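Novice: coordinates for the following, if possible.
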Amino acid sequence: MGRVFAITLEGKIYSCKYCGTHLGLSEEIMSKNFHSRNGKAYLFDRVVNVFLGEKEERLMMTGSHVVADIFCVRCGSYVGWKYVTAHEKNQKYKEGKSVLECCKILGPDGSNYRIIQGTHIGGSDAEDS
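Specialist: You can find the predicted model right below:
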């Protein structure tokens, strides 16, 4: 594998908690009310410095979606998933968007999110009401 060229962002940055690689900007967050198998997660309009895993059909709380897990381009750590296809009409807004799991990222202020004890392991993409 050759040298990794990562995009450097400016502003309020969310980064990989394992290696510090920039992943997204605060202004790109569409929702902070998502949940993952490890707890809280944020829906981003755009993320950078990630690569996609295999596409797969996944049944989530809001219906069936084709998604691909996303990984940090520098260290290879799992950081979330990307919506490829949403089958339900009211879920189409998620297509092409990415979810970063809060326990896998550092916030703009350097905050480290923790896994919530007792969190359901199955995963979801449900938004809080």
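
Novice: which stretches of the protein have low pLDDT?
Specialist: Regions of the chain meeting the criterion pLDDT under 70 cover residues 1-2, 113-129.

Novice: go ahead and flag the most central residue of it.
Specialist: Closest residue to the average C-alpha location of the chain: residue 100 at 2.0 Å, with Cα atoms, centre = their mean.

Novice: mind listing residues that contact the helix or strand containing residue 99?
Specialist: Using DSSP states H and E, the element containing residue 99 is strand 98-101. By Cβ atoms under 8 Å, 6 or more residues apart in numbering, the surrounding residues in contact with strand 98-101 are 14, 23-24, 34, 36-44, 46-47, 50, 70, 79-83, 125. Where you see a C-beta, it was placed from the backbone N, CA and C, and this is true even at glycine.

Novice: now stretch 57-72
Specialist: Contact with stretch 57-72 is made by 16, 18-19, 21, 23, 47, 49-56, 77-88, 91, 94, 98, 123-127, as judged by Cβ under 8 Å, 6+ apart.

Novice: thinking again about what came up before, which is the next helix or strand following the strand holding residue 99?
Specialist: Later in the chain than strand 98-101, the nearest helix or strand by DSSP H and E is strand 105-106.

Novice: elements contacting that next one?
Specialist: With contacts defined as 3 or more Cβ pairs under 8 Å, 6 or more residues apart in numbering; DSSP states H and E, strand 105-106 has these neighbours: strand 13-16.

Novice: for the strand it packs on, which strands pair with it and how are they oriented?
Specialist: Strand 13-16 has its sheet partners listed here by DSSP bridges as strand 22-25 (antiparallel), strand 105-106 (antiparallel).

Novice: now do residue 100 against residue 3, distance only.
Specialist: Counting by Cβ to Cβ, to the nearest Å, the gap from residue 100 to residue 3 is 24 Å.
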